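Participant: pasted the sequence and its predicted model underneath.
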Amino acid sequence: MIYLDSNATTQVHPEVLDTMMPYLTDQCFNPSSGYRAGKSVKLGVEKAREQMASLIGAQSQDIYFTGCGTEANNAVMYSLATMCGDKKRIVTSLIEHSAILRVCEDLEKRFGFTIEKIGVDEGGRLDLTAWKKAVEQDDVLLATIMWANNETGIIQPIAEACELAQQAGVIFHTDAIQAVGKTAVNIKDVPVDFLSISGHKFHAPKGIGALYIRSGLRFEPLLKGGGQERGMRSGTENVASIVGMGKAAEIMQTCLEKDGHDGIAELRDYLEAELQKKLEGVQINGAKEHRTKNTAHLSFEDCEASGLLILLDEYGVACSAGSACMTGKQQPSHVQKAMGFSNERANSSLRISLSIFTTKEEIDTAVEMIVKAVNKLRRVQGRGGVGPVTIYTS
Ligand SMILES: Cc1ncc(COP(=O)(O)O)c(C=O)c1O
């Protein structure tokens, strides 16, 4: 199978697996244990914290491991909500992941918060004028915007959004889950207050995340119990996954320092150019110059993505339409709606996302298969024959 869905998840890097194995076997000790074997496991966790911190230019003591990226997002939002006083407005964007949007809905319904979702332009980038106006209101508790979008790969004007929020005295969080490991993320350049990370997006296992918390900020833990993670996130540490995420962070830092993932971008651009050469009516969606280098978001005129995905699956190519979390939903994605796409364009778009393991041979085969599938569907559906059913898969 040719796997082109790395924004949904990635393969665990073999070196990551090697690093994890001892912690799943003979190094099985609890890092809180007082004996030497426990302390040695604790050292593994602390090394991972340093590796994770280094990837984002942070101090290791400001990194807290969580059970996933969703938890990191939830922890920030519910933490602040418990300390909101009379500030009950959250400013976010229309294109956030459900791990932010569903929490917003909950805060709105159960706790009476006002949620303000700022729009994006056709290129998928945040409207900074509207953002500025929104964050400058008196009752804003939190401003949160994703660093890069999971569907389109569009990198947001994060430095500007952060600066505007902080100038207005508002706490700034970013869901950087699709950015960390894929593009330069450095909190020295963008001094965010909170930042969410997920390991499985950059070759660590699924079910491990991290939260960066600027030191000195007040934080109310979501999980209370044994006081692990210096009381910020209780629960016996998922040591093997933590150590794996640390190793993955180190590998990604090396890759980014080497070529900034230009090799992946070259393959992505080649795929786009080949598809546009071999097929009519292929549109590249989103602001091309502001994308993570692994992501292509393409619309195929007169060709429904749901059908395309089924054919591509048959032909051995895995990619997606919309985001993984929208599987089974028969509606255009909220991201594409926010970008002003017509239903036809939204429903005819694919997300193709590469990783450090993607090869030129795979891209050549994928191009061949996509061309075959698009031509077949256009023959069956006829030009302009986009049918009524759209299924979003990851
Ligand atoms: C932007 C974004 N935020 C949050 C998440 C959720 O992360 P996790 O799967 O680690 O809970 C994802 C995963 O798809 C994502 O892409």
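Facilitator: It's in.
Participant: enumerate every residue touching L377.
Facilitator: Residues near L377 by CB atoms under 8 Å, 6 or more residues apart in numbering: 303-304, 307-308, 311. All C-beta spots, glycine's among them, are computed from the backbone N, C-alpha and C.
Participant: most neighbours among those, please name it.
Facilitator: Greatest neighbour count in the contacts of L377, by other CB atoms under 10 Å, goes to C303: 27 neighbours.
Participant: one step back: between the contacts of L377, which is nearest A248?
Facilitator: Distance ranking of the contacts of L377 against A248, using CB to CB, places L308 first at 31.2 Å.
Participant: nearest residue to the residue in the chain that the ligand sits nearest to other than its sequence neighbours?
Facilitator: At 2.9 Å from the ligand, G69 is the closest residue in the chain, using CB to the nearest ligand atom. Excluding its sequence neighbours, the residue lying closest to G69 (CB to CB, 6 or more residues apart in numbering) is S198, at 3.0 Å.
Participant: which ones are touching G216?
Facilitator: Contacts of G216 by CB under 8 Å, 6+ apart: none found.
Participant: make it 10 Å
Facilitator: Shown in contact with G216 (CB atoms under 10 Å, 6 or more residues apart in numbering): 62, 193.
Participant: now do the phi/psi pair for it.
Facilitator: phi 100, psi -10 (degrees, to the nearest 10).
Participant: let me have the contacts of L377 in CSV, extended by pLDDT.
Facilitator: Converted to CSV, the contacts of L377 look like this (pLDDT from 0 to 100):
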residue, pLDDT
C303, 94
E304, 91
G307, 93
L308, 95
L311, 97
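Participant: in helices only, show me the residues you listed.
Facilitator: Taking DSSP state H as the definition of helices, the contacts of L377 contribute 307-308, 311.
Participant: kindly reformat these as TSV containing distance to V180.
Facilitator: Converted to TSV, the ones in helices among the contacts of L377 look like this (distance: CB to CB, whole Å):
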residue	distance to V180
G307	34
L308	30
L311	33
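Participant: which parts of the stretch 1-150 of the chain are strands?
Facilitator: 2-3, 63-66, 89-93, 114-118, 140-144 (DSSP state E, counting those that start in this stretch).
Participant: name the element G246 belongs to?
Facilitator: helix 239-259 (DSSP states H and E).
Participant: elements contacting the helix or strand following that helix?
Facilitator: Following helix 239-259 in sequence order, the next helix or strand is helix 262-278 (DSSP H and E). Contacts defined by 3 or more CB pairs under 10 Å, 6 or more residues apart in numbering; DSSP states H and E place helix 262-278 against helix 239-259, strand 282-284, strand 295-300, strand 349-353, helix 360-381.
Participant: contacting residues around helix 262-278?
Facilitator: With CB under 10 Å, 6+ apart as the criterion, helix 262-278 contacts 4, 6, 153, 182, 255, 259, 261, 282-284, 288, 291-298, 300, 350, 352-360, 362-364, 366-368, 370-371, 374-375.
Participant: and it, what's buried?
Facilitator: 263-265, 267-268, 271-272, 274-275 (16 or more other CB atoms under 10 Å).
Participant: which of the residues you listed sits closest to V190?
Facilitator: A265 (21.3 Å).
Participant: do you know how far the closest one is from L101?
Facilitator: Going from A265 to L101 by CB to CB, to the nearest Å gives 29 Å.
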